[in-house]
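Colleague: next come a sequence and a model predicted from it.
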Amino acid sequence: MTPTEPLIQMVDVDKTFRQGHRVTRVLRGMNLSINPGEIVALVGESGSGKSTVAQTLVRLYEPDHGQLVYAGSDVSHIRGGELKEFRRHIQMLFQDPFASLNPTQTVRTILLRSFPKESKTSGQKALEQHLRDTLAEVDLSPPDNFLSKYPHELSGGQRQRVAFARALGVRPQLMIADEPVSMLDVSLRLGLLNLMQELNHSQGLAYLYITHDLASARYVASRILVMYAGQVVESGSADAVVNRPQHPYTQLLVAAAPDPEQRGKRDESVTINGEPPDLSQEIRGCPFQFRCPLVFDPCLTVNPAMVEVGENQWARCHLFDQRQKTVVRG
């Protein structure tokens with residue numbers, strides 16, 4: 001991997017799920033790239049396909065079409081030892097730490113099972129130090145207070161930090177954090193986000209931070225991708241996407257988010273009317289046409305391409321196609 005090469009990429013990835021005669025196309029030409037040491041946030045409402053992106057990136061799902069590229073190599077269909085080695089470099093932090101930790105195992109056992117083979121054969125003293133160092137990295141100190149505990153004996157924030165420590169045990173290059181703070185008390189969320197940033201700075205750990213919360217995305221990430229109906233509809237620097245949103249969907253998300261300068265109040269007049277499209281049905285045109293306040297004729301027949309709308313900012317919208325005449329419907 002060259003210094004300028006992305007750590008991981010999704011290139012025109014489609015992913016469908018079949019249940020009887022029902023075929024649901026969850027990802028539709030999904031494109032995404034994360035550079036070494038970069039924090040990227042993937043934002044979107046429930047059902048937009050965010051978690052499917054995460055599980056495809058770690059190859060829990062195999063792409064139906066397109067490529068998954070890691071460090072310059074196509075890993076879309078690897079198997080066996082190659083897949084196991086790939087997953088050492090890409091780890092997941094799940095939403096619910098209680099569900100992701102074995103309730104019958106102590107923190108010591110949970111961590112030991114995640115450590116690579118070379119750590120386990122380095123001698124008991126070195127192994128014990130590795131255990132303590134890993135817990136200290138996630139601010140569970142003193143470590144001896146936690147090693148013998150079971151998940152039910154820990155708070156929600158402590159359980160999530162144990163899950164974090166387990167993922168760090170294999171020294172990954174990328175952490176996929178799927179709504180990692182949504183089940184924590186508000187008072188604990190900032191601590192975990194700060195921990196993510198600290199490990200990013202100290203270890204160069206890259207992240208894909210998946211959330212529906214634009215505020216936390218802006219706080220922790222350098223770049224934001226906004227997802228709707230299985231594809232990215234806007235991308236750019238965190239400041240640009242939040243301060244100068246271009247796609248109508250992003251504009252509505254930003255307007256509906258609480259404003260910290262107004263003591264957390266939001267504009268109650270802003271709503272996103274209607275429901276997302278049924279992804280088991282063929283979508284003709286722009287997927288956002290059914291809810292968009294600015295829809296016009298091309299939106300009904302052609303899915304727009306990503307267009308550069310500012311410095312390092314892109315949006316998928318016909319409003320930026322200068323060849324079209326903007327005629328707002330309704």
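Modeller: In hand now; what should we look at? Numbers count the residues shown, from 1 in each chain.

Colleague: tell me who's in contact with the closest residue in space to G204 that isn't next to it in sequence.
Modeller: Nearest non-adjacent residue to G204, counting by Cβ to Cβ, 6 or more residues apart in numbering: G37, 4.3 Å away. For glycine as for every other residue, the C-beta is placed from the backbone atoms N, C-alpha and C. With Cβ atoms under 8 Å, 6 or more residues apart in numbering as the criterion, the residues that contact G37 are N200, G204, L205, A206.

Colleague: pretty sure the third one is touching I176, no?
Modeller: No. With contact defined as Cβ atoms under 8 Å, L205 does not reach I176; the gap is 11.3 Å.

Colleague: more crowded one of those two?
Modeller: For L205 versus I176, the count of surrounding residues by other Cβ atoms under 10 Å is larger for I176: 26 against 22.

Colleague: who's in contact with that one?
Modeller: I176 sits in contact with A54, L57, V58, I90, Q91, M92, L93, Y207, L208, I210, where contact means Cβ under 8 Å, 6+ apart.

Colleague: which among these end up buried?
Modeller: Buried members of these, scored by 16 or more other Cβ atoms under 10 Å, are A54, L57, V58, I90, Q91, M92, L93, Y207, L208, I210.

Colleague: would TSV of these with secondary structure and distance to S114 be doable?
Modeller: Output for the buried ones among the contacts of I176, formatted as TSV (DSSP: H, G, I helix; E, B strand; the rest coil; distance: Cβ to Cβ, whole Å):
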residue	secondary structure	distance to S114
A54	helix	19
L57	helix	19
V58	coil	14
I90	strand	14
Q91	strand	9
M92	strand	12
L93	strand	12
Y207	strand	18
L208	strand	20
I210	strand	21
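
Colleague: ok, residues contacting stretch 90-102?
Modeller: The contact list for stretch 90-102 (Cβ under 8 Å, 6+ apart) reads 8, 54, 57-58, 70, 109-110, 151-152, 156, 159-160, 162-164, 166-168, 170, 172-180, 182-183.

Colleague: just the C-alpha atoms of that stretch, please, in PDB.
Modeller: Taking Å, rounded to 0.1, in the frame of the first residue of the first chain, the C-alpha atoms of stretch 90-102 are listed here in PDB:
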ATOM      1  CA  ILE A  90     -10.600  -4.800  10.300                       C
ATOM      2  CA  GLN A  91     -12.500  -5.000  13.500                       C
ATOM      3  CA  MET A  92     -16.000  -4.100  14.500                       C
ATOM      4  CA  LEU A  93     -17.400  -2.200  17.600                       C
ATOM      5  CA  PHE A  94     -21.100  -3.100  17.900                       C
ATOM      6  CA  GLN A  95     -24.000  -1.000  19.100                       C
ATOM      7  CA  ASP A  96     -25.000  -3.200  22.100                       C
ATOM      8  CA  PRO A  97     -21.900  -4.200  24.200                       C
ATOM      9  CA  PHE A  98     -24.000  -6.600  26.400                       C
ATOM     10  CA  ALA A  99     -25.100  -8.600  23.300                       C
ATOM     11  CA  SER A 100     -21.600  -8.700  21.800                       C
ATOM     12  CA  LEU A 101     -19.800 -10.000  25.000                       C
ATOM     13  CA  ASN A 102     -20.200 -13.500  26.200                       C
END
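
Colleague: give the rounded mean pLDDT of that stretch.
Modeller: Stretch 90-102 carries an average pLDDT of 89.

Colleague: starting at the chain centroid, how far to that stretch?
Modeller: 14 Å (Cα atoms, centre = their mean, to the nearest Å).

Colleague: name the nearest of the buried ones among the contacts of I176 relative to S48.
Modeller: Of all these, S48 sits closest to I210, with 10.2 Å by Cβ to Cβ.

Colleague: quick check: beta-bridge partners of that closest one?
Modeller: L42, D178 (DSSP bridges).

Colleague: report pLDDT for it.
Modeller: pLDDT recorded at I210 is 96.

Colleague: now the host helix or strand of N200: average pLDDT?
Modeller: Secondary structure assigned from DSSP states H and E places N200 in helix 186-203. Averaging pLDDT along helix 186-203 gives 91.

Colleague: would you mind listing the buried residues in it?
Modeller: For helix 186-203, by 16+ other Cβ under 10 Å, it's L188, R189, L192, L193, L195, M196, L199, N200.

Colleague: pretty sure the fourth one contacts A221?
Modeller: Meaning L193. No. Judged on Cβ under 8 Å, L193 makes no contact with A221 at a distance of 9.9 Å.

Colleague: now do the shared contacts for the two.
Modeller: Common neighbours of L193 and A221 (Cβ under 8 Å, 6+ apart) do not exist.

Colleague: show me which helix or strand of the protein is least confident by mean pLDDT.
Modeller: Every helix and strand of the chain was ranked by mean pLDDT, DSSP states H and E. The lowest is helix 117-120, at a mean of 60.
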